[in-house]
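**Student:** can you look at this prediction? I've put the sequence above it.
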Amino acid sequence: MGCEVIADKQDELAKSSESTNGRKITLIPVSVHAALQAERDLKNQRRRRRDDD
C-alpha cells in the first residue's frame, strides 16, 4: 500500500508544472507529521509576535 501511495504522488508531481528536481517522496507516521506541523506553527506564531513588536 505504501509503495502505491508513493507512486501516485510521484505521478501527480510529474503531471503538475512544479519542478521535481531534488524532491523526495517518503512516508512518515501520522504522529511524526503532526509533531512537525505543531513545531512549524509554534515557530510561525513566535515570528509573528516578534515582528509585531
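**Tutor:** Thanks, I have the structure now. Only a predicted model underlies this, so the values are computations on that prediction, with no experimental measurement involved.

**Student:** rounded mean pLDDT for stretch 15-35, please.
**Tutor:** Averaged across stretch 15-35, pLDDT comes to 87.

**Student:** for the longest helix along the chain, packing partners?
**Tutor:** Longest helix in the chain, counting residues (DSSP state H): helix 30-52. With contacts defined as 3 or more CB pairs under 8 Å, 6 or more residues apart in numbering; DSSP states H and E, helix 30-52 has no helix or strand neighbours. C-beta coordinates here come from the backbone N, C-alpha and C atoms, glycine included.

**Student:** mind saving the C-alpha coords of that helix as CSV?
**Tutor:** Backbone C-alpha positions of helix 30-52 (Å, rounded to 0.1, in the frame of the first residue of the first chain) are rendered in CSV as follows:
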residue,chain,number,x,y,z
VAL,A,30,0.9,10.5,11.3
SER,A,31,2.3,11.3,14.7
VAL,A,32,5.6,12.5,13.3
HIS,A,33,3.8,14.7,10.8
ALA,A,34,1.6,16.2,13.5
ALA,A,35,4.6,16.9,15.7
LEU,A,36,6.4,18.6,12.7
GLN,A,37,3.4,20.7,11.9
ALA,A,38,2.9,21.8,15.5
GLU,A,39,6.6,22.8,15.6
ARG,A,40,6.2,24.9,12.4
ASP,A,41,3.0,26.5,13.8
LEU,A,42,4.7,27.4,17.0
LYS,A,43,7.7,29.0,15.1
ASN,A,44,5.3,31.0,12.9
GLN,A,45,3.5,32.3,16.0
ARG,A,46,6.7,33.3,17.6
ARG,A,47,7.9,35.0,14.4
ARG,A,48,4.6,36.9,14.1
ARG,A,49,4.8,38.1,17.8
ARG,A,50,8.4,39.2,17.3
ASP,A,51,7.5,41.1,14.1
ASP,A,52,4.6,42.8,15.7
